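**Q** structure for the following, please:
(2 chains)
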Amino acid sequence: MTYLAKSPWILHYDASSCNGCDIEVLACLTPMYDVERFGILNTGNPKHADIFVITGSINEQNREIVKNLYDQIPRPNVVVAVGICACSGGVFRECYNVSGGIDKVIPVDVYVPGCACRPESIIDGIVTALGILEEKRTKMVLDVDKKEHRHAGLNPDHILSTGGVQ
Amino acid sequence: MINIVWAIVFVLVAPLIGGLIAGIDRKITAHMQGRVGPSIFQPFWDVGKLFEKENGVVNETQIFYAICYVIFMAFTGALFFAGGDLLLVIFALTLAQIFLVLGAYSANSPYSFVGAERELLQIMAYEPMVILVAVGLYVATKSFSVSDIASSTVPVILLIPGIFLGFIYVLTIKLRKSPFDISTSHHAHQEIVKGVTTEFSGRSLAWIEITHWYETVLLLGIVYLFFAFNPLLGIAAIIIVYLLEIFLDNTNARAKWQFALKSSWLIAVVVGVVNLAALYVLNGGVS
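**A** Numbering: from 1, shown residues only, chains lettered A, B, ... in the order given. Now for the predicted structure:
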């Protein structure tokens, strides 16, 4: 296990949520659920974040913002769509101003349905995201190794390791 | 006398101690809030994580400033623990801090700018009191050398209790605790974005975190100097002072910078200068 899964910092963005899911996200930080015991912090800064938690659906106003925030989060990162609106647009999917779920703009790794989500299911979604974060990290290290091998004139397919140079 | 062994010990061991202090701090904070809280090794995992992340930087100058910040902080602490000149320690500390401000200014971001300005205001707030600490320790022990002060048998705390209280007051600013965590905070999502560290990410943020551990150990070392005549008392004082800071952090909302600046200067003048004046009078004038 890498340190990444032990210290996931979260960026929470309210796309166009009714605030129901937002309150449940914040409920996770209360003494009742206390996600900080897993090292999870709710940071207000995309540049410090590892997990992008979005509630609500994509509309024309926030399309650029969501994309911009996603681009600012250093790799490896994962996106968790919290609530049915973030997953698919929910009851608002037919609205003239709603484009749909978050996956219309950025790739989503974990979908947490619910209206509003229970804090338990949000925590479950984040923990699932940690596994994906690990995978992405391994892949990132492998990609860097392959690139180095290519630069060194070696065959990149000869790398078999799951991280680190052999 | 400069003791190079202590300097090396500081550079190697201080991050471990500082990180552990930060971890215990988070645990106690969590318990005070009725939470379980993370492991006491959480700060090490956080920094380990930051080193694993992609190294996204705004510009290369910023990395330079972040590295200067850690180098000068380690130098300051090493100088202190080697028994160097306390005045030099204090000015080197300010220099290190200025590199953080420059790093924040080097990114063209309004949030970073606000953080940098607030950091400068904080420096302005605590600096007079920190200089008074050096002066007070000199008046009490007749030496600016840390090794002389540490080996002095004079009960420093009884001579300059006012200066000690003033130092505790500005220590809250230095440790970035509420009510004076104005430029950046350890608590999640409190400062406008993240204050002075907004534009730092990945490796440079990890270095800034390590620098803060160095700084914590250095500052607690200064607390020790007041009780150096009795090492056990000194260590007890460090523990009590740090617990007090955690308590303050959890019971106070953050103050405005105007209050931080005015109150620190007022404290410096009232308890610091009055304490010094009393010492001069008792000693029968300047000696």
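**Q** can you name the residue of chain B nearest to chain A?
**A** Using Cβ to the nearest Cβ, the closest approach of chain B to chain A is made by B:Gly48 at 3.4 Å. (Each C-beta comes from the backbone N, C-alpha and C, glycine too.)
**Q** that residue contacts A:Ser7, doesn't it?
**A** Yes: counting by Cβ atoms under 8 Å, a contact exists between B:Gly48 and A:Ser7, whose distance comes to 7.5 Å.
**Q** more neighbours: the two, which one.
**A** Remark: of B:Gly48 and A:Ser7, A:Ser7 carries more neighbours, 23 against 16, as counted by other Cβ atoms under 10 Å in any protein chain shown.
**Q** just give the closest residue to the residue in chain A positioned nearest to chain B, not the sequence neighbours.
**A** Of all residues in chain A, A:Tyr3 sits closest to chain B, with a separation of 3.4 Å (Cβ to the nearest Cβ). Here the nearest residue to A:Tyr3 in space, its sequence neighbours aside, is B:Gly48; by Cβ to Cβ, 6 or more residues apart in numbering or on different chains that works out to 3.4 Å.
**Q** now swap in A:Asp124 and tell me
**A** For A:Asp124, the spatially nearest residue (Cβ to Cβ, 6+ apart) is A:Val112, at 7.5 Å.
**Q** and if you look at B:Pro38?
**A** In space, and not counting its chain neighbours, B:Pro38 is closest to A:Gly39: 5.1 Å by Cβ to Cβ, 6+ apart.
**Q** buried ones in stretch B:91-109?
**A** Going by neighbour count (16 or more other Cβ atoms under 10 Å in any protein chain shown), the buried part of stretch B:91-109 is B:91-94, B:96-107, B:109.
**Q** alpha carbons of that stretch, in CSV - could you do that?
**A** Output of stretch B:91-109 as CSV, limited to C-alpha atoms (Å, rounded to 0.1, in the frame of the first residue of the first chain):
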residue,chain,number,x,y,z
PHE,B,91,17.0,36.9,12.0
ALA,B,92,17.7,33.7,10.0
LEU,B,93,14.2,32.5,11.1
THR,B,94,12.7,35.7,9.6
LEU,B,95,14.7,35.2,6.4
ALA,B,96,13.4,31.7,6.1
GLN,B,97,9.8,32.9,6.5
ILE,B,98,10.4,35.6,3.9
PHE,B,99,11.2,32.9,1.3
LEU,B,100,7.8,31.3,1.9
VAL,B,101,6.2,34.7,1.3
LEU,B,102,8.3,35.2,-1.9
GLY,B,103,7.2,31.7,-3.0
ALA,B,104,3.6,32.7,-2.5
TYR,B,105,4.1,36.0,-4.4
SER,B,106,5.8,34.3,-7.3
ALA,B,107,2.6,32.6,-8.4
ASN,B,108,0.2,34.9,-10.2
SER,B,109,-2.8,34.0,-8.1
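**Q** close to chain A, is that stretch?
**A** No: applying Cβ under 8 Å from any Cβ of the partner chain, one finds stretch B:91-109 separated from chain A by no less than 9.7 Å.
**Q** what's the first helix or strand after the helix or strand containing the residue of chain B closest to chain A?
**A** Using DSSP states H and E, the secondary-structure element containing B:Gly48 is helix B:42-52. Using DSSP H and E, the next helix or strand after helix B:42-52 towards the C-terminus is helix B:60-81.
**Q** for that following helix, what is the distance to the chain centroid?
**A** Here helix B:60-81 shows a centroid-to-chain-centroid distance of 14 Å under the convention Cα atoms, centre = their mean, to the nearest Å.
**Q** what mean pLDDT would you report for it?
**A** Across helix B:60-81, pLDDT averages out at 93.
**Q** so is that helix next to chain A?
**A** No: shown here: helix B:60-81 not in contact with chain A (Cβ under 8 Å from any Cβ), separated by at least 11.6 Å.
**Q** for that helix, buried residues please.
**A** Applying a neighbour-count criterion of 16+ other Cβ under 10 Å, one finds B:62-63, B:65-70, B:72-81 buried in helix B:60-81.
**Q** list the contacts of that helix.
**A** With contacts defined as Cβ atoms under 8 Å, 6 or more residues apart in numbering or on different chains, helix B:60-81 is touched by B:6-11, B:14, B:57, B:85-86, B:88-89, B:92-93, B:95-97, B:99-100, B:102-103, B:106-107, B:146, B:199-200, B:203-204, B:207-208, B:210-211, B:214-215, B:217-218, B:221-222.
**Q** on the three-state scheme, A:Gly114 is what?
**A** Reduced to three states with DSSP: H, G, I helix; E, B strand; the rest coil, the structure at A:Gly114 is coil.
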